[in-house]
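> pasting a predicted model and its sequence here:
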Amino acid sequence: MVITGILHIELHLPAAQSLKHKRSVIKSLKDKLHSRFNVSVAEVGYLDKWQLAEIAIACVSREQSYLESQFEKIYAFVDQEISGNAYITKSSLDFV
């Protein structure tokens, strides 16, 4: 059986003064996550807000424990990568 994990992360980008700036930060983060962890990443919320963003990160595996471990690493990577540019305000992890 295949398990899908989805991590939702809400971000606050206080320095963003335009959608263009916000999207450049989010695109860079999405590209780094995809290349480093081989996961699917999409911006799914607050699309028209300059200083708010929500991304969803999806990964599949046969073992939930593997997904939990991966998502812990992903969360830590996001927190480190956005340091100084954004802050994590909320996150949730779901398995399907």
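Ah, there it is.
> and the residue nearest to the spatial centre of the chain, its phi and psi?
Nearest to the mean C-alpha position of the chain, by CA atoms, centre = their mean, lies residue 55 at 4.5 Å. Torsion angles at residue 55 (phi, psi; degrees, to the nearest 10) stand at phi -120, psi 150.
> quick one, what contacts residue 34?
40-41 (CB atoms under 8 Å, 6 or more residues apart in numbering). C-beta coordinates here come from the backbone N, C-alpha and C atoms, glycine included.
> when you give positions from now on, start the count at 54
That works, and once the first residue is 54, the last one we named lands at residue 87.
> I'd like the secondary structure assignment at it, please.
The local conformation at residue 87, judged by DSSP: H, G, I helix; E, B strand; the rest coil, is helix.
> got a pLDDT number for residue 137?
With respect to pLDDT, residue 137 has a value of 85.
> count of residues packed around it?
Residues lying near residue 137 (other CB atoms under 10 Å) number 7.
> how much space is there between residue 78 and residue 141?
Relative to residue 141, residue 78 is positioned 13 Å away (CB to CB, to the nearest Å).
> between those two, tell me which one has more neighbours.
residue 78 (18 against 13).
> rewinding a little: residues shared between the contacts of residue 78 and residue 141?
In contact with both residue 78 and residue 141: residue 135, using CB under 8 Å, 6+ apart.
> perfect, that will be all.
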